[in-house]
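1. Here is my input; please provide its structure:
(one chain, ligands or ions: 2)
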Amino acid sequence: MAEKICVAVRVRPSISEESPSGTFWKIEDNRISLHKLHGTPISGLSYAFDHVLDESCSNSKVYELLTKDVIHAAVDGFNGTAFAYGQTSSGKTFTMNGSLNDPGIIHRAVNDVFQKIQMISGREFLIRVSYMEIYNEEINDLFAVENQKLPIHESLERGIFVAGLREEIVNNAEQVIKLLESGEVNRHFGETNMNARSSRSHTIFRMVIESKGIDTGSGDYSSSDAIRVSVLNLVDLAGSERIAKTGAGGVRLKEGKYINKSLMVLGNVINKLSNGAKQRAHIPYRDSKLTRILQTALGGNAKTSIICTVAPEEVHVEETKGTLQFASRAKRITNCAQVNEILTDAALLKRQQLEIEDLRRKLQGSRSEVLEQEILKLRNDMLKYELEREKLEMELEEERRSHKEREQCIRDQQLKIENLSSLVSDGDRSSSQDSMKESPKDECNNFKTPCFKETSNNAFVAKRSNYSELPDFSPLPDSFSNVADEDTWFKMNKGYIADLDSLQATPARKVQSFPPQDITPDCSNDNYKLELQNLKTQLELVIKEKDELQRKHEEEVQINSRLMGEISELKQELDLSNNSLESSKQRYGNLEREFQKLKEERDSLLQTVSESSKNITFLTDQKENILKDLNCEVQRRKDLEAEIKQFSVAFASRQRSLASIHGEFKSKIEKLRAENLVRY
Ligand code: ADP
Ligand code: MG
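-> Ligands and ions are numbered 1, 2, ... in the order given. Here you go, the predicted model:
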């Protein structure tokens, strides 16, 4: 969906006490116009934008109006960029960084991103941040002071990226704020006048937001899972004022040239983009590091907001006009933002997903803060090693290339020396023989051929013919002299597109020219002497050049051996880095094994416990049965005892009755026996 870049102008509160004497800027709704002191607007100097914010506007409102949507879209997978453009002291840093009471866009964006992702339940996020500075057209890492002069690379997988830039994985806003603070400290590093530097450098704070729908299914991550990757750039640009105004010279002048160059390229890019699709054939993104890094944000797949800050004071009218013209052109750009979904392994989230999942599962058993910290640290270490390895590999590649180039150069030089030596011996011969056979024209060819045919692919050769007739050296173009700089600044602010290609032409090498050979051969003695003189001078020159080349050759050989040393050092560093990666992996493995062991132990303990409890229930059952049986037995015993008692009572009474019967019976027998005796 095509959409315009959102452009706003923000006027900071006036600092000077002086009241305007001729003109002043008037703000009405979304329009800003230059007015004469007592009334009428000045024609041609009235501009309308999406928003024009006066001095009473807070950072919170700027955020709401201009950046909130960009940040929310970034969480949804759209690239986003917000940048502040304007002269020094117009309020760019105030807008981006803010103050204690009114935090700037960066702080608000960071908080907002984390708040927003917490509200999204169906997706999983991985956020990494980086912070860089472009100073004198060199990229320095603000998270790692040692990472200086970083190169920009482009790959199919990662697009345009700054090689070797430290990225930190973060999981809350406080972490990011802390990192930003440490970045600011690094920015102060080695710089006494912080303000001076900040107005001469661009800073880019970058958040890469990767996200993926949470897989509720099997839990394995098939390659068809699309991951959204969006890049959010928050940029505080260098001051856009003229150098003359700051009275800069020396180092400051050099800095100024670079700033003006990159801001001018930014202006060129914006001009070309604002001209519409027809004239978009070549957009000079590659002309500056800033535009190269912001390429996607400026010309295509991104939602972009530009906050142009201006100073209201009358002394700054020219700069303010320049800024407003820049803003007007930016307003005409149309971008086409779309969600970035990728299926390759480039997404860090994808690469780390399985490991995270694994660790998370393990953590569920024993959720411990220490372990979580350890895991975050390990992930950051892994990322760091990956970046370091990538950087080292690239450096190695670079070294190899320059080594090859040097070798080629040495070969060329050797060839030259050989050619010159043969030339010298030719010259010797011709002077010793006092020969007139070779025409001076031929000799001229002798000089030309060996020297320059070898480098026929060098653009310089084609140009050289223009200078070959000149007695001195080829000119060395200084692409940004003070005068050119001033000039280009004016042109830039008037919407003029400078031809950077001509400014950036490869500097011509210094070329030794030889005295013209315009003497026609003549047999007269004078001419002959003159010719001889000429030849001698040439010979001397050639010998000198030969010596010079020999010296250079020796230097090259030395450089070569130093380079070889450096390469082997780099290799060693690479080995070291690989080793530490290996040891980190081992630590990771050990941790995993420990987890496994603990889990196994826990499982076996659980098994034993469940077996024991089974035994216990079994035993309790048994005990209950036995108790029951015992009770029965006791009861039975009691019953038996009662029976026995009854029986013994009955038995005793029976015994007693038997005894009485026995007594009766006995007495009866006695009686009978006595009767019997009486009868007989
Ligand atoms: P720049 O980064 O463009 O060089 P600064 O942001 O450093 O400018 O602003 C210069 C001064 O003006 C600072 O002291 C800053 O606090 C103040 N300032 C800028 N804009 C505002 C604003 N909108 N409200 C209050 N003070 C501001
Ligand atoms: Mg600033």
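2. okay, now the residue of the stretch 51-200 of the chain found nearest ligand 2: neighbour count?
-> Closest residue of the stretch 51-200 of the chain to ligand 2, Cβ to the ion: Thr93 (3.2 Å). Heads up, the C-betas are built off the backbone N, CA and C, glycines and all. Counted with other Cβ atoms under 10 Å, residues neighbouring Thr93 total 19.
3. again, but for Tyr680
-> The burial count for Tyr680: 4, using other Cβ under 10 Å.
4. ok, now Ala144?
-> Ala144 has 19 neighbouring residues, counting by other Cβ under 10 Å.
5. what's the answer for Glu592, then?
-> Other residues close to Glu592 by other Cβ under 10 Å number 14.
6. Alongside ligand 2, which residues does this protein contribute?
-> Within the chain, the residues that sit near ligand 2 (Cβ under 5 Å from the ion) are 92-93, 198.
7. related to what we said a few turns ago, which helix or strand contains the residue of the stretch 51-200 of the chain closest to ligand 2?
-> Under the criterion of DSSP states H and E, Thr93 resides in helix 92-97.
8. didn't Leu298 look like it was pressed against Thr291?
-> Yes: at 6.7 Å, Leu298 counts as touching Thr291 under the criterion of Cβ atoms under 8 Å.
9. list residues touching both of those two?
-> 269, 285 (Cβ atoms under 8 Å, 6 or more residues apart in numbering).
10. Just checking the distance from stretch 584-604 to the centre of its chain.
-> Distance of stretch 584-604 from the chain centroid (Cα atoms, centre = their mean, to the nearest Å) equals 33 Å.
11. So for that stretch, what gets flagged as buried?
-> Neighbour counts over stretch 584-604 (16 or more other Cβ atoms under 10 Å) mark 588, 591, 595 as buried.
12. Could you report the pLDDT at Ala109?
-> pLDDT, Ala109: 98.
13. give me the low-pLDDT residue ranges for the stretch 151-300 of the chain?
-> The stretch 151-300 of the chain contains residues with pLDDT under 70 at 157, 188-197, 215-225, 242-260, 276-281, 300.
14. can you pull out the strands in it?
-> Taking DSSP state E, counting those that start in this stretch, the strands of the stretch 151-300 of the chain run over residues 152-155, 159-162, 168-170, 201-213, 227-236.
15. Save those strands as CSV, and put in distance to Lys668 and mean neighbour count too.
-> Shown next, in CSV, are the strands of the stretch 151-300 of the chain (distance: least, Cβ to Cβ, whole Å; neighbours: other Cβ atoms under 10 Å):
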stretch, distance to Lys668, mean neighbour count
strand 152-155, 140, 12
strand 159-162, 140, 18
strand 168-170, 125, 20
strand 201-213, 120, 22
strand 227-236, 126, 24
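16. JSON lines for these, including distance to Arg411?
-> Output for the strands of the stretch 151-300 of the chain, formatted as JSON lines (distance: least, Cβ to Cβ, whole Å):
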{"stretch": "strand 152-155", "distance to Arg411": "29"}
{"stretch": "strand 159-162", "distance to Arg411": "35"}
{"stretch": "strand 168-170", "distance to Arg411": "46"}
{"stretch": "strand 201-213", "distance to Arg411": "41"}
{"stretch": "strand 227-236", "distance to Arg411": "44"}
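17. Does anything pack onto the one helix or strand Gly565 maps to? Which helices or strands?
-> Using DSSP H and E, the element containing Gly565 is helix 525-679. In terms of contacts (3 or more Cβ pairs under 8 Å, 6 or more residues apart in numbering; DSSP states H and E), helix 525-679 is packed against helix 348-365, helix 369-432, helix 440-452.
18. by how many degrees do that helix and helix 369-432 diverge?
-> For helix 525-679 against helix 369-432, the angle by axes from the mean of the first three to the mean of the last three Cα atoms, to 10 degrees is 160 degrees.
19. Centre of the chain to helix 525-679, how far?
-> Relative to its chain's centre, helix 525-679 lies at 44 Å (Cα atoms, centre = their mean).
20. pLDDT averaged over that helix - what is it?
-> Mean pLDDT, helix 525-679: 85.
21. what sits against the residue lying closest to Gln550 once chain neighbours are set aside?
-> Leaving aside its chain neighbours, Gln550 sits nearest to Ile417 (6.6 Å; criterion: Cβ to Cβ, 6 or more residues apart in numbering). By Cβ under 8 Å, 6+ apart, the residues touching Ile417 are 546, 549-550, 553.
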